[in-house]
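Participant: coords please:
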Amino acid sequence: MTTRRLVLVVCLILSTIAVIPTGAGASRRQGSVSERVSDPRSSRAAWTPERMRAARPAPMPKIHRADLEADTPAMGAPVVIEDAQPSSARYAAGTATSQTSPRRRPIPFTRSRIEDPSVAPLAAHGIIFGSSDAGDFHCSGTAITSDNRSVVWTAGHCLYFQRQWARDVVFVPGYEKQAFGEQDAMAETAPYGVWAAEELTVPPEWASNENPLYDFGALRTAPNPNGQFLGDVVAARGIAFNQHPTETVQSFGYPALPSAKFDGDHLETCVSQGSGRIWDGMVAMGCDMEQGSSGGGWVIREEFVTSNVSGGNMRVWPNMAFGPYLGDAAKTLYDAIRGGTAVFPQPTPSAPVIKPPQTHRVKTTLFLRYHLTAKGRVTAPDGFGGCVQTAPVQLGRKRDGVFYPVGKLLFTDSEGRFRTKLRDRKGTYVAFVDDSAYDLSNRCAQALAFARHRH
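Facilitator: Residues are numbered from 1 along each chain as shown. You can find the predicted model right below:
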């Protein structure tokens, strides 16, 4: 963090002890920490429809400003792993229809409810149930291509949270809650069965101090009672590493909060018109899904998982979701659990070439009016629009020689404009445009503008 940031950002320093979890089934491999489940069959049997209905959404970690200023995880050559079709498919391919709700800012997006999550390729997405000392919970996850045809990608905090492995973890692809109590309730709710985890895996950076930049993980499911693997029954999404973080992205999940919009019973999706900025290892997209959507896959090019729902902070960044950038660390974890050594295809021609990023100069204005309206405009002299649209702007007021943040963090519109109401206090104000990465090849420099309010 630079000296200039210190005058505007109050940093919360969290003291943590780097402890790698151990236990009867815990093990370490290069780039991953794993927990093996001794009896997956008991986990599968434990989840009745009634218990599923009572599970609460997993708490979603709050993303703080300091979390977004850590060093960027290592990035390497782009890799794309194609999707995989099931060997014994019994669902029809098709496009599920839904009603969309447009959202405009800070990053434009639409949100929809999937009417039929059992159709291909949507059945790759599902709900994850688990248990902890705090009670039963649910998250979201996505079946992905792997040699063992058994891997589900999700968030690290859905598998390991507050130094505790989740218990009785199962994955239900194509889940949609039906009327419980009927004879066929489970068959309708879990059209492709309940798949118990026999191994949970998270990065060591998440296991040691729950670093949000590494909030991803995977579980390996056991075969079902018929001896089939997950990939024999449902199609698996592809997965991509070291990809361009500004592509249009579609996220999937089972949110239960905010409860005015969601109930945790249905698959929801957000499509963000460009995944927005990446803050030093985290990808941002427009979406209003909260708890319950944790771990849900972010899909690019209608095929490849490129991140997962991690956390957010709706009070600071309303209608904005964050996911970890899946770089080399994520690829290492994937290799540890995929169950083979096959050489997968390399990226499509559209994959980016990683090179030292170019820094673009940024300017901003600040005007104070009436009682008290603050407005301004961010511009990039070289015309690079990525530094203008959705630029983060923090306003500050000078007190005792130091500028302290006032109001919420703002984001500019498509033309770089911002506007907000503040408490009417006289004094000197500053508009601070943070320096941040836009993508793997472009950075946006800091910008400051000052104005005095005399009323």
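
Participant: OK, contacts around residue 87?
Facilitator: With contacts defined as C-beta atoms under 8 Å, 6 or more residues apart in numbering, residue 87 is in contact with 231-232. For the C-beta atoms, the positions are set from N, CA and C on the backbone; glycine is no exception.

Participant: cutoff 6 Å now
Facilitator: The neighbourhood of residue 87, defined by C-beta atoms under 6 Å, 6 or more residues apart in numbering, consists of residue 232.

Participant: quick check, pLDDT for it.
Facilitator: Residue 87 is assigned 83 on the pLDDT scale.

Participant: which SSE is residue 136 in?
Facilitator: strand 135-144 (DSSP states H and E).

Participant: also residue 175?
Facilitator: According to DSSP H and E, residue 175 maps onto no helix or strand at all.

Participant: show me this structure divided up by domain.
Facilitator: Domains of the chain are assigned by automatic domain parsing as 21-337, 358-453.

Participant: select from those domains the stretch with the lowest mean pLDDT.
Facilitator: Note on the domains of the chain: lowest mean pLDDT is at domain 21-337, with a mean of 86.

Participant: what about the nearest residue to residue 384 once chain neighbours are set aside, how many residues nearby?
Facilitator: Distances taken as C-beta to C-beta, 6 or more residues apart in numbering place residue 360 nearest to residue 384, at 4.5 Å, with adjacent residues excluded. Using other C-beta atoms under 10 Å, residue 360 has 19 other residues around it.

Participant: give me the distance between the nearest residue in space to residue 365 that is not next to it in sequence and residue 212.
Facilitator: Distances taken as C-beta to C-beta, 6+ apart put residue 376 closest to residue 365, at 4.4 Å, once the chain neighbours are dropped. Remark: distance between residue 376 and residue 212 (C-beta to C-beta, to the nearest Å) = 30 Å.

Participant: just to check, residue 270 is in contact with residue 293?
Facilitator: No: look at residue 270 against residue 293 with C-beta atoms under 6 Å: they stay out of range, at 8.8 Å.

Participant: how about the nearest residue to residue 438, chain neighbours excluded?
Facilitator: Nearest one to residue 438, counting by C-beta to C-beta, 6+ apart, is residue 386 at 4.1 Å.

Participant: dihedrals phi and psi, the one you found?
Facilitator: When read as degrees, to the nearest 10, the backbone of residue 386 gives phi -60, psi -30.

Participant: could you look up the SS state of the residue nearest to residue 365?
Facilitator: strand (DSSP: H, G, I helix; E, B strand; the rest coil).

Participant: CA-only coordinates of stretch 432-446 in PDB, if you can.
Facilitator: What follows is stretch 432-446, C-alpha atoms only, in PDB (Å, rounded to 0.1, in the frame of the first residue of the first chain):
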ATOM      1  CA  PHE A 432      -9.300   9.700  -4.900                       C
ATOM      2  CA  VAL A 433      -9.200   7.400  -7.900                       C
ATOM      3  CA  ASP A 434      -7.400   4.300  -6.800                       C
ATOM      4  CA  ASP A 435      -4.600   2.700  -8.900                       C
ATOM      5  CA  SER A 436      -5.600  -0.800  -9.800                       C
ATOM      6  CA  ALA A 437      -5.200  -3.400 -12.500                       C
ATOM      7  CA  TYR A 438      -7.800  -3.500 -15.300                       C
ATOM      8  CA  ASP A 439      -6.700  -6.700 -16.800                       C
ATOM      9  CA  LEU A 440      -3.500  -8.700 -17.300                       C
ATOM     10  CA  SER A 441      -2.100  -6.100 -19.700                       C
ATOM     11  CA  ASN A 442      -3.300  -2.700 -18.400                       C
ATOM     12  CA  ARG A 443      -3.200  -0.800 -15.200                       C
ATOM     13  CA  CYS A 444      -4.800   2.500 -14.300                       C
ATOM     14  CA  ALA A 445      -2.800   5.100 -12.300                       C
ATOM     15  CA  GLN A 446      -4.000   7.100  -9.300                       C
END
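
Participant: re the thing from before, adjacent strands (with direction) for the helix or strand following the strand holding residue 136?
Facilitator: Along the chain past strand 135-144, the next helix or strand (assigned with DSSP H and E) turns out to be strand 151-154. Counting by DSSP bridges, the strands paired with strand 151-154 are strand 135-144 (antiparallel), strand 217-221 (antiparallel).

Participant: for those, which one ends up most surrounded?
Facilitator: strand 217-221 (a mean of 28; mean count of other C-beta atoms under 10 Å).

Participant: touching that strand from outside, list them.
Facilitator: Outside strand 217-221, the residues that touch it by C-beta under 6 Å, 6+ apart are 150-154, 156, 159, 171, 195, 197-202, 230, 337.

Participant: next one: that strand to chain centre, how far?
Facilitator: Distance of strand 217-221 from the chain centroid (C-alpha atoms, centre = their mean, to the nearest Å) equals 17 Å.

Participant: what of stretch 217-237?
Facilitator: With C-alpha atoms, centre = their mean as the basis, the mean position of stretch 217-237 lies at 23 Å from the chain mean.

Participant: and it, which residues are buried?
Facilitator: Within stretch 217-237, the residues scored as buried using 16 or more other C-beta atoms under 10 Å are 217-224, 228-237.

Participant: same question for stretch 362-369.
Facilitator: For stretch 362-369, the neighbour count (16+ other C-beta under 10 Å) marks 362-366, 368 as buried.

Participant: before we move on, back to that, among the domains of the chain, which is the most enclosed?
Facilitator: Scoring the domains of the chain by mean neighbour count under mean count of other C-beta under 10 Å gives domain 21-337 as the most buried, with a mean of 21.

Participant: report the distance from that domain to the chain centre.
Facilitator: Centroid displacement of domain 21-337 relative to its chain, using C-alpha atoms, centre = their mean, is 9 Å.

Participant: ok, stretch 356-376 next?
Facilitator: Put simply, stretch 356-376 sits 28 Å off its chain's centre (C-alpha atoms, centre = their mean).

Participant: please apply the same query to stretch 334-344.
Facilitator: Distance, stretch centre to chain centre, for stretch 334-344: 23 Å (C-alpha atoms, centre = their mean).

Participant: dump that stretch to PDB, restricted to CA.
Facilitator: Output of stretch 334-344 as PDB, limited to C-alpha atoms (Å, rounded to 0.1, in the frame of the first residue of the first chain):
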ATOM      1  CA  TYR A 334      -6.700 -28.900 -10.000                       C
ATOM      2  CA  ASP A 335      -3.800 -31.100 -11.100                       C
ATOM      3  CA  ALA A 336      -3.700 -32.500  -7.500                       C
ATOM      4  CA  ILE A 337      -7.300 -33.700  -7.500                       C
ATOM      5  CA  ARG A 338      -8.200 -34.500 -11.200                       C
ATOM      6  CA  GLY A 339      -6.900 -38.000 -10.900                       C
ATOM      7  CA  GLY A 340      -4.600 -38.300 -13.900                       C
ATOM      8  CA  THR A 341      -1.700 -36.900 -15.900                       C
ATOM      9  CA  ALA A 342      -3.300 -36.500 -19.300                       C
ATOM     10  CA  VAL A 343      -2.100 -33.500 -21.300                       C
ATOM     11  CA  PHE A 344      -5.100 -31.300 -21.900                       C
END
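
Participant: understood, closing this out.
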